[in-house]
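1. I would like to see how this sequence folds:
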Amino acid sequence: MTKLLVSAIYFRQLTPVFLGLCVGIAISIVVTPFLKDSCLEGFSQSVQLPVNTTDEFEPQQLNAEERAKRDSSSEDRKPPLRPRFVRDELGIRDKLFVGILTSQETAETMAVAINLTLSHHLQKVVFFMESQNQPKLAKPLTMVAFSDDRVLLKPFHMFRYIGDHYLTSYDWFFFAEDTTYIRGERLLEYVNHLSISKDLYLGNAVEDAHALYCKLGSGFLVGQAVMAKIVNELDWCTKNAFSTDADDNIGRCVLHSADLPCSDGVDGIPFNTFQLRNNFNFDVDIKVEEKRLEFKNSLTFHTVHTPETAYKLHKYFSRLDLEQTYRQISDLQQRILNISASAPGGQANFPWPVGVREPSKPKTRFDVIRYDYFTETHVYLETDNNNIAELQGVHKQDVDDVLSVTKQKLREKYGDKLEYRRLVNGYRRFDPTRGMEYILDVALREKNTEYEIHKRVHLMRPLSKVEIVPMPYVTENTRVSIILPLRYEDRARMPTFLKFYEKTVLTAGDNSVLMTVFVYDPGDPTTGTADPYVDIKAQIAAMEKMYKDGARIAWMFIKGLRRSLSAVATDSVSYRRCSSRWDSLSSSPTLSTVRRPPFPEILDINKNYGHYDRHSFEHAAFYNGDYIESRKLIAADVPVITDAKKVPEEGTINIKFDLYDMFLESRLHVFRAVEPALKSRFRAIVCTPLADEAAYKRCLTRRGAALGSRAQLAQLVLEHRSLRAAEPVEGEE
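-> As a prediction, this is how the structure comes out:
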């Protein structure tokens, strides 16, 4: 009874709430239709919306006229063109462009010196000169020559060229003469602290109380916005360039275009330059100048009269920057050690050396990085195939350097108390996450007691900063020339090759050229119906008429020389048709592919069908420029033949080189790689004893490997034996 009474009291308190909810719901149901109509009526009066009774997602049937209209509009509509790189689409620019004014007299000396000391620090360094007769330089550099020989207009030709090619690609532009030494790393660091939103004209003003112009000799810096204003007013600048001093002409142009005077700094950051004395002698004057703070903090130095002075200045400031870097590293290491004392575990659990990642922890026993044992002269078990090997080359230099550092560190710690005697044990390993680690057990001798003491030393050669090496971009429009020598015994295989070439290359319209080189014996006719290649020539001629755009096909012939055919054919084609070089790259490694004999298309690729022919050197890819340079190295032994009609007869010259041997003799690095997509049909390999001994042995090895796998040959032998055993013996029934 008591529970019912309590429930009734609670229900009585909630009764008004339930009644209110019920009344509100009822009123909303009654009033909502009237409010909805009034809202729509007011909205329709203010905004007239088009009424679409059909669903845009419902399929619609178009008549012939509508279909033709749709097709014509889709043909006129071009796909949007997007930039190749994301940075171009987002408008991201490089930081600094450097333009250097040079001349024909100083291009081989001062321009080369500036390029060697500056180009590896900055993204773009371009030299401008007023003559089209560019000198042949030992060191390549980016040079732009103008046909106009008027010296006073050379800066404005430079501005116009930059406006056409580089204006939208860089944030800052720096200009100087080739008699100015520039600290490239410091200049780039200075630019990184500037805001591109400001219009700046920074440099060293000319010696005048009311100077408004910057000196070109000391270099000046302008922003992208200022450079755009200069380019827009180049016509006015050219007409008003009446002074023989380039500083006046350029300064007047900047003042008219951007209304900016020369400034020696911005936001408290000075743009320091240093004027060298006229008879500056580095070996003598550096002892005086290095005491001046202005000399050490300057970004540019002028006037430098000789390239030797530029090299010495570069060496001096590189040493200063390196010493400063070492001091910063030492300070950071000490700060890290001080902070590590407060970290969990203290300094004992902190990895050594300071600032280098901790050693990699192997997850399984297969991930353990082993140590290689070495002495001062030999290394043991460096590979699985060598028990001991003598330290040579860079490995010997590495061990000598490690021992030299060990002696120096021990001398710094113990002074003259201990003397280095010998290396007892040495261990080294390469950790990809850290670098090269060394553990040395060295024998030391106490000078007072003559006792020998062994000390264990740990050394670390850490990996430097990982940098992305810029590589030139290879476009899809570069032409590739394919040279195919065709002998008489191979003519039956040529139609099949042309069929696949047409299907793969010609139909796709690839930018390539197939040059077929027909090889004739001295007495073979080259024309008429007696020509052994008449059918193939007709097939090539038909393909050449059918495919005029994109990939092309042609032929030529040579007579007399059948050995070292590739070299002769390449001479004739390369010197006449220099199109086998990919223009986007130069001096690149040569690739010699290891071909894989083919398999029937109905069979899967596995170990039972075909093999990788490691002894085949019939296929190679190289650049035309690299071939010409490498060909000159053997020109004394194998004369260069640029005319197919001048090919000597068989036996008149002794050719000991093929293409592969020629590239091995050059400065190029030859890469031999497996190419599964390159398949060659089986054919009988004929080895001629007339070749040199090494080539003949290689041919025999290749012919033996092409017969079949070991399992297949063993099975063949067993089958042959079983057949012989099953044959009846003579005299038996």
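
2. Rounded mean pLDDT for the host helix or strand of Val379, please.
-> For Val379, the host element (DSSP states H and E) is strand 378-380. Average pLDDT, strand 378-380: 92.

3. again, but for stretch 145-154
-> Average pLDDT, stretch 145-154: 84.

4. First-to-last residue distance for that stretch?
-> End-to-end distance of stretch 145-154 (CA to CA, to the nearest Å): 10 Å.

5. Let me know the helix or strand that Gly20 is in.
-> Per DSSP H and E: Gly20 is located in helix 2-46.

6. re earlier: enumerate the positions of the strand holding Val379 that are buried.
-> Within strand 378-380, the residues that qualify as buried are Val379, counting by 16 or more other CB atoms under 10 Å. For every residue, glycine as well, the C-beta is placed using N, CA and C.

7. Parallel or antiparallel, which strands does the longest strand anywhere in the chain pair with?
-> Counting by DSSP state E, the longest strand found in the chain is strand 418-431. Here strand 418-431 has these sheet partners by DSSP bridges: strand 372-374 (antiparallel), strand 435-446 (antiparallel).

8. Give me the residues contacting the first one.
-> Looking back up the chat, that one is strand 372-374. 379-382, 391, 399, 425-429 (CB atoms under 8 Å, 6 or more residues apart in numbering).

9. and of the residues you listed, the nearest to Pro16?
-> Nearest to Pro16 among those is Arg429, at 84.2 Å by CB to CB.

10. Quick check: that closest one vs Leu391, distance?
-> According to CB to CB, to the nearest Å, Arg429 and Leu391 sit 16 Å apart.

11. Repeat that for Leu440.
-> Taking CB to CB, one finds Leu440 at 14 Å from Leu391.

12. ok, which stretches of the stretch 601-733 of the chain are helices?
-> In the stretch 601-733 of the chain, the helices defined using DSSP state H, counting those that start in this stretch lie at 624-633, 659-665, 693-705, 710-726.

13. These into CSV, with extra columns for distance to Ile92, mean neighbour count and mean pLDDT?
-> Below are the helices of the stretch 601-733 of the chain laid out as CSV (distance: least, CB to CB, whole Å; neighbours: other CB atoms under 10 Å; pLDDT from 0 to 100):
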stretch, distance to Ile92, mean neighbour count, mean pLDDT
helix 624-633, 33, 18, 82
helix 659-665, 40, 18, 79
helix 693-705, 53, 14, 82
helix 710-726, 59, 10, 85
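
14. Show the average pLDDT along the helix holding Gly20.
-> Per-region confidence: helix 2-46 scores 65 on mean pLDDT.

15. likewise stretch 395-409?
-> pLDDT averaged over stretch 395-409 gives 93.

16. next one: stretch 182-191
-> Stretch 182-191 carries an average pLDDT of 92.

17. Run through who's touching that stretch.
-> 95-96, 98, 114, 117-118, 120-122, 171-172, 174, 176, 219, 221, 269, 271, 298-300, 317, 321.

18. Which ones among those map onto helices?
-> 114, 117-118, 317, 321 (DSSP state H).

19. ok so, going back, Arg429 and Leu391: who's more crowded?
-> Neighbour tally, Arg429 and Leu391, criterion other CB atoms under 10 Å: the higher count belongs to Leu391, 18 against 15.

20. picking that back up, may I have the longest strand of the chain exported as PDB, CA atoms only?
-> Backbone C-alpha positions of strand 418-431 (Å, rounded to 0.1, in the frame of the first residue of the first chain) are rendered in PDB as follows:
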ATOM      1  CA  LEU A 418     100.900   5.800 -23.400                       C
ATOM      2  CA  GLU A 419     102.400   5.100 -26.800                       C
ATOM      3  CA  TYR A 420     100.600   3.300 -29.700                       C
ATOM      4  CA  ARG A 421     102.200   0.000 -30.600                       C
ATOM      5  CA  ARG A 422      99.900  -2.000 -32.900                       C
ATOM      6  CA  LEU A 423      96.400  -3.100 -33.800                       C
ATOM      7  CA  VAL A 424      95.500  -6.300 -32.000                       C
ATOM      8  CA  ASN A 425      91.900  -6.900 -33.300                       C
ATOM      9  CA  GLY A 426      89.600  -4.800 -35.600                       C
ATOM     10  CA  TYR A 427      85.900  -5.200 -36.200                       C
ATOM     11  CA  ARG A 428      83.700  -3.200 -38.400                       C
ATOM     12  CA  ARG A 429      80.100  -3.400 -39.700                       C
ATOM     13  CA  PHE A 430      77.800  -1.200 -41.700                       C
ATOM     14  CA  ASP A 431      74.500  -0.300 -40.100                       C
END
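
21. so the nearest residue to Ser298 once chain neighbours are set aside bridges to which residues?
-> Sequence neighbours aside, Phe274 is the residue nearest to Ser298 in space, at 3.9 Å (criterion: CB to CB, 6 or more residues apart in numbering). Assessed by DSSP bridges, Phe274 has beta-bridge partners Phe301.

22. Can you tell me which of the ones in helices among the contacts of stretch 182-191 lies closest to Lys229?
-> Each of these was checked against Lys229 using CB to CB; the closest is Leu118, at 26.7 Å.

23. how many neighbours does the residue nearest to the closest one when sequence neighbours are not counted have?
-> The shortest distance from Leu118 to any non-neighbouring residue, by CB to CB, 6+ apart, is to Gly184 (4.6 Å). By the measure other CB under 10 Å, the count of residues near Gly184 is 21.

24. got the helices of the stretch 601-733 of the chain as JSON lines, with distance to Phe127 columns?
-> Shown next, in JSON lines, are the helices of the stretch 601-733 of the chain (distance: least, CB to CB, whole Å):
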{"stretch": "helix 624-633", "distance to Phe127": "23"}
{"stretch": "helix 659-665", "distance to Phe127": "33"}
{"stretch": "helix 693-705", "distance to Phe127": "48"}
{"stretch": "helix 710-726", "distance to Phe127": "63"}
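
25. Quick one: residues contacting Phe274.
-> Listed by CB under 8 Å, 6+ apart, the contact set of Phe274 reads 294-295, 298, 300-302.

26. Quick one: buried ones out of those residues?
-> Taking 16+ other CB under 10 Å as the criterion, what is buried in those is 295, 298, 300-302.
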